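Predicted structure and sequence below. I'll ask about it afterward.
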Amino acid sequence: MKMRITTKVKQLLILSASLLTLSATAKEDVVDISVDITKPGSELNKNIYGQFMEHLGRGIYEGIWVGKNSYIPNKEGYRLDVLQALKDLQVPLLRWPGGCFADEYHWQDGIGPRESRPKTVNSNWGGVIEDNAFGTHEFFALAEMLGAETYVNGNLGTGTAREMAEWLHYMTSDADTTLVAQRRANGHPKPFKVDYFAIGNEAWGCGGNMTPDYYSDLFKQYAGFLKAPTDNFPKIIASGGTDTQTIWTETLLEKVKPSWSLRMDAISHHYYTLPTGKWDVKGSATGFSEQEWFSTLYNTLKIEDFIQANVAIMDKFDPEKKIGFYVDEWGTWYDVDKGTNPGFLYQQNTLRDAVLTGLNIHIFNRYADRVQMTNIAQMVNVLQAMILTDKEKMVLTPTYYAFKMHIPFQDAVSLPVSLSATPRYQFDDESIPALSASAAKAKDGNTYLSLVNTSVSNEMMLKLQNIKQAEGWMLTGDKMDTHNTFEQPNNIAPTMFIVAVTKGKTTITIPAKSLIVLNLGKL
């Protein structure tokens with residue numbers, strides 16, 4: 001996010017921050033926080049900030065694609081307001097077409113003249129008619145407009161090895177074959193750039209109710225038939241486990257031995273955060289109590305244990321770290337908004353989601369040597385979305401802003417962060433860290449520090465030393481469920497956060513329930 005700050009505004013912000021510091025210092029302990037620039041860690045792959053778009057509800061249709069004849073302003077069918085918002089977000093990667101939808105998707109249905117494409121039933125999500133207006137060519141056109149890498153999910157559940165192999169050939173080859181001629185006739189003479197390709201999705205569930213052993217055998221069969229030019233061969237992703245499961249990672253690593261004819265570049269994992277931890281009654285997206293604020297954050301932090309357990313297995317079988325661990329579906333999952341189609345998974349998005357986003361990003365950053373990609377679910381109008389639309393109206397969510405604040409972390413180098421104390425946020429008999437932090441040296445040479453205060457009511461004092469500046473953005477709100485609506489689209493957005501630095505030192509106040517990203521300058 002670019003900061004345009006006048007001298008007068010800067011003076012006012014510094015004065016305000018100084019007054020906050022003076023008032024809070026008198027009643028709060030100060031935690032020393034330091035960033036060690038002498039011990040750079042792993043590169044934070046930009047694809048940690050990857051997005052996920054599935055044929056689900058209004059995620060694609062109305063959310064991204066409205067068609068050329070829509071009254072909603074569009075460019076070749078892509079709605080302009082959403083397109084611009086995604087460009088501003090600097091989306092690094094798009095995953096498509098699912099999700100559960102991928103294992104019932106036959107790619108030939110989504111190519112050729114739109115008026116002649118077959119109509120099918122989306123049996124996973126609401127039983128609505130899928131007219132296949134958005135297919136392979138539309139997906140790659142969107143990725144090109146956004147400058148994003150591409151992640152295509154192949155159909156293992158209801159497809160065949162031949163169908164999957166022919167799709168990859170259609171997308172990547174420049175040979176003089178009938179399929180390539182078909183792609184050219186459909187308007188794309190040159191091959192598409194496919195960066196990642198997955199064999200199936202959630203094979204343990206909607207992708208086929210398979211066992212790890214059975215899936216591993218199918219993976220080897222299908223992967224062996226995937227052919228593409230050397231300079232356009234995607235990384236191949238195996239469908240892994242969910243939640244506490246490690247058996248999928250272990251089985252795949254035991255049974256699949258990558259070779260020149262068999263690629264397995266990564267194993268995926270899924271985890272959704274539910275306030276209650278129960279799928280039948282998940283909890284509300286708004287109007288929740290502090291108990292559900294706490295339980296949501298408590299549950300989301302479990303993902304670190306899941307990553308640790310799987311990474312330990314990967315370190316045993318793959319000590320050279322050639323295989324990645326991709327959390328290609330993550331985020332919050334609440335009860336759908338009242339009055340909406342239950343199969344569309346539409347939910348509101350609040351300050352709680354932004355704080356949760358910061359916590360997850362910090363965890364992913366800590367394991368960046370393995371976690372080289374994550375995909376939040378989902379980009380528009382579905383689950384923990386970046387953007388919500390209602391016909392011609394559009395709002396940006398707190399999660400959108402959390403992602404935007406962290407743009408400098410894309411392809412940055414992680415830096416160790418240490419605290420003089422570990423404050424806790426206690427609720428009933430449980431507690432979680434009250435403060436979470438992550439730091440990195442960005443491509444612009446500056447060091448950035450991301451901070452999360454999980455406490456609903458307690459601010460925190462932090463003392464920083466050996467820094468050049470402390471300027472950035474803060475996201476917070478008066479209420480736990482502060483959110484934007486179509487009637488009030490600007491209820492919550494980042495505000496500038498600047499604190500005076502004297503002789504390389506400063507003390508800052510971190511408000512309750514807040515996310516802050518600071519530029520500390522070139523250290």
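Great, that's in hand.

tell me the SS of the residue nearest the centre of the chain?
By C-alpha atoms, centre = their mean, the chain has its centre lying nearest to residue 376, at 3.0 Å. Recorded secondary structure, residue 376: strand (DSSP: H, G, I helix; E, B strand; the rest coil).

show me the contacts for it.
Neighbour list for residue 376: 50-52, 330-331, 357, 384, 386, 399, 403 [criterion: C-beta atoms under 8 Å, 6 or more residues apart in numbering]. C-beta coordinates here come from the backbone N, C-alpha and C atoms, glycine included.

Kindly report the same for residue 36.
Per C-beta under 8 Å, 6+ apart, neighbours of residue 36: 415-418.

where do the strands sit along the stretch 201-350 of the chain?
Secondary structure of the stretch 201-350 of the chain, counting by DSSP state E, counting those that start in this stretch: strands at 235-238, 266-273, 324-332.

And these: which comes nearest residue 39?
Nearest to residue 39 among the strands of the stretch 201-350 of the chain is strand 324-332; the distance by C-beta to C-beta comes to 22.9 Å.

Where does pLDDT dip in the protein?
Confidence mapping of the chain against pLDDT under 70 gives the ranges 1-28.

my read is residue 137 is in a helix, agree?
Yes: judged by three-state DSSP, residue 137 forms part of a helix.

where's it relative to residue 76, distance?
11 Å (C-beta to C-beta, to the nearest Å).

How about residue 291?
Between residue 291 and residue 76 the distance is 48 Å, computed by C-beta to C-beta.

How about residue 156?
Taking C-beta to C-beta, one finds residue 156 at 32 Å from residue 76.

now the strands for the stretch 1-150 of the chain?
Remark: strands assigned in the stretch 1-150 of the chain by DSSP E, counting those that start in this stretch are 30-35, 43-44, 50-52, 74-75, 78-79, 93-96, 120-122, 128-130, 149-154.

And the contacts of the fourth one?
Surrounding strand 74-75, the residues in contact under the criterion C-beta under 8 Å, 6+ apart are 66-68, 80, 83, 145.

count of residues packed around the nearest residue to residue 369 once chain neighbours are set aside?
In space, residue 369 comes closest to residue 42 once its chain neighbours are excluded; the distance is 4.4 Å by C-beta to C-beta, 6 or more residues apart in numbering. The tally of other residues near residue 42 (other C-beta atoms under 10 Å) stands at 17.

ok, residue 42 - contacts?
Contact analysis of residue 42 by C-beta under 8 Å, 6+ apart lists 368-369, 413-414.

which two from the residues you listed end up farthest apart in space?
Farthest pair in the contacts of residue 42, by C-beta to C-beta: 369 and 413, 11.9 Å.

Looking at residue 156 and residue 76, which has the bigger crowd around it?
residue 156 (26 against 11).

Need the buried ones from the contacts of residue 36 selected in ChimeraX.
Buried members of the contacts of residue 36 can be picked out in ChimeraX with the line below, counting by 16 or more other C-beta atoms under 10 Å:
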select :415,417
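
Keep only those of the contacts of residue 36 that are in strands.
If you go by DSSP state E, those have 415, 417-418 in strands.

Quick check: residue 313 touching residue 248?
No: with contact defined as C-beta atoms under 8 Å, residue 313 does not reach residue 248; the gap is 9.9 Å.

Name the residue in the two with the higher neighbour count.
The residue with more neighbours, out of residue 313 and residue 248, is residue 248; 25 against 20, by other C-beta under 10 Å.

residues contacting that one?
Contacts of residue 248 (C-beta under 8 Å, 6+ apart): 204, 212, 215, 239-241, 267, 269.

quick one: which of these sit in helices?
Counted as lying in helices by DSSP state H, out of those, are 212, 215.

Using a markdown table, please lay out the contacts of residue 248 together with distance to residue 499.
Listed next are those as a markdown table, based on distance: C-beta to C-beta, whole Å:
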| residue | distance to residue 499 |
| --- | --- |
| 204 | 48 |
| 212 | 51 |
| 215 | 52 |
| 239 | 46 |
| 240 | 43 |
| 241 | 43 |
| 267 | 42 |
| 269 | 38 |
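
so which of the contacts of residue 248 is the most crowded?
Most surrounded of the contacts of residue 248: other C-beta under 10 Å gives residue 239, at 31 neighbours.

That one and residue 163: what is the separation?
Relative to residue 163, residue 239 is positioned 17 Å away (C-beta to C-beta).

One more: residue 447?
48 Å.

Name the residue in these two with the higher neighbour count.
residue 447 (22 against 16).

so that one makes contact with residue 416?
No: in this structure residue 447 lies outside contact range of residue 416 using C-beta under 8 Å: 11.8 Å.

what's the overlap in contacts for the two?
Here residue 447 and residue 416 have 35, 439 as joint contacts, going by C-beta under 8 Å, 6+ apart.

List the buried residues of stretch 77-97.
Buried, per 16+ other C-beta under 10 Å, within stretch 77-97: 77-79, 81-83, 85-86, 89, 91-97.

Out of these, which comes closest to residue 509?
residue 89 (28.3 Å).

Now for the closest one: which residues touch it?
Contact partners of residue 89, counting by C-beta under 8 Å, 6+ apart, are 386, 400, 403-404, 407.

change it to 6 Å
Shown in contact with residue 89 (C-beta atoms under 6 Å, 6 or more residues apart in numbering): 403-404.

Need the three-state assignment for residue 507.
Once three-state DSSP is applied, residue 507 turns out strand.

Go ahead and confirm residue 91 touches residue 149.
No: applying C-beta atoms under 6 Å as the test, residue 91 and residue 149 come out as separate, 9.4 Å apart.

re the thing from before, and residue 351, which of the strands of the stretch 1-150 of the chain is closest to it?
Ranking the strands of the stretch 1-150 of the chain by proximity to residue 351 (C-beta to C-beta) places strand 50-52 first, at 20.8 Å.

Would you mind listing the buried residues in that closest one?
50-52.

That strand packs against which elements?
For strand 50-52, the elements it packs on are strand 93-96, strand 374-377, judged by 3 or more C-beta pairs under 6 Å, 6 or more residues apart in numbering; DSSP states H and E.

Direction included, what does the first one pair up with?
The pairing partners recorded for strand 93-96 under DSSP bridges are strand 50-52 (parallel), strand 149-154 (parallel).

Switch these over to JSON lines; also include distance to residue 441.
Shown next, in JSON lines, are the strands paired with strand 93-96 (distance: least, C-beta to C-beta, whole Å):
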{"stretch": "strand 50-52", "distance to residue 441": "22"}
{"stretch": "strand 149-154", "distance to residue 441": "23"}
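
quick one, which of the ones you listed is nearest to residue 344?
Taking C-beta to C-beta, strand 50-52 is the member of these nearest to residue 344, at 15.4 Å.

Contacts for the closest one, please.
Contacts of strand 50-52 (C-beta under 6 Å, 6+ apart): 91, 93-95, 373, 375, 377-379.

how about 8 Å then?
For strand 50-52, the external contacting residues (C-beta under 8 Å, 6+ apart) are 91-96, 99, 148, 151, 328-329, 373-379, 386.

now stretch 306-320
So stretch 306-320 is contacted by 240-241, 243-244, 246, 249-250, 253-254, 267, 269, 271, 321, 323, 325, 327, 363, 367, 370-371 (C-beta under 8 Å, 6+ apart).

Buried among those residues? Need that as a selection in ChimeraX.
Entered in ChimeraX, the line below selects the buried ones among the contacts of stretch 306-320, by 16+ other C-beta under 10 Å:
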select :240,241,246,249,250,253,267,269,271,323,325,327,363,367,370,371
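
What segments of the stretch 201-350 of the chain are helices?
212-224, 247-255, 290-300, 303-317 (DSSP state H, counting those that start in this stretch).

Turn the ones you listed into JSON lines, columns for distance to residue 423.
Formatted as JSON lines, the helices of the stretch 201-350 of the chain follow (distance: least, C-beta to C-beta, whole Å):
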{"stretch": "helix 212-224", "distance to residue 423": "41"}
{"stretch": "helix 247-255", "distance to residue 423": "34"}
{"stretch": "helix 290-300", "distance to residue 423": "14"}
{"stretch": "helix 303-317", "distance to residue 423": "18"}
